[in-house]
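Participant: Sharing a sequence plus its predicted fold:
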Amino acid sequence: MKANQFSRTLWVALTGAAMTCAATVALADIKNYEFRFVEPTVKAGPDKTITVKLVDKTTGKSVPDAVIFATRLDMAPDAMQEMVTKVIPLPGSEPGTYRFKANFSMAGRWQLSLGAKVQGETGTVENKLVIQADK
């Protein structure tokens, strides 16, 4: 009787462990997503458009329909974090791309900070990308 009860308990425990592992493997990690510039440089001046892609690093595919809720563009890479400019979202040109209009008032390195939610995932994708503004 005790051996039978032990084998049932062991079977339930192993089944639970297997289900837990399968569920863990099936879920993606928010760290598997990142933003990338389509073009790493832009001309300095007003009303310049920059485009980024949200990519699933495990597949290399673009991720459409993310909700971008935080944007900031400043010159932090050149030790001028107080040089902030407004970022205006624009419609994407293709699925998985996200476009923004901004004023690059001077040449140098600009940092674009983004925060986004990916549909079906918990957590937030947060990236800081550096783009070069040339004269």
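Facilitator: Received, thanks.

Participant: what's the burial count for the closest residue in space to Glu39 that isn't next to it in sequence?
Facilitator: Counting by CB to CB, 6 or more residues apart in numbering, the nearest residue to Glu39 once its immediate chain neighbours are dropped is Thr51, at 6.9 Å. Where C-beta positions appear, they are placed from N, C-alpha and C, glycine not excepted. Neighbour count of Thr51, defined by other CB atoms under 10 Å: 17.

Participant: got a list of what Thr51 touches?
Facilitator: With contact taken as CB atoms under 8 Å, 6 or more residues apart in numbering, Thr51 is in contact with 37-39, 92-93, 97-100.

Participant: next one: Lys57
Facilitator: The contact partners of Lys57, taken as CB under 8 Å, 6+ apart, are 32-34.

Participant: Over to Phe100?
Facilitator: Taking CB under 8 Å, 6+ apart as the criterion, Phe100 is in contact with 49-52, 71, 73, 87-90, 112.

Participant: Keep only those of these that are in strands.
Facilitator: In strands, judged by DSSP state E, the following of the contacts of Phe100 are found: 49-52, 71, 73, 87-90, 112.

Participant: Surely Gly60 forms part of a helix?
Facilitator: No: Gly60: not assigned to a helix; according to DSSP: H, G, I helix; E, B strand; the rest coil it is coil.
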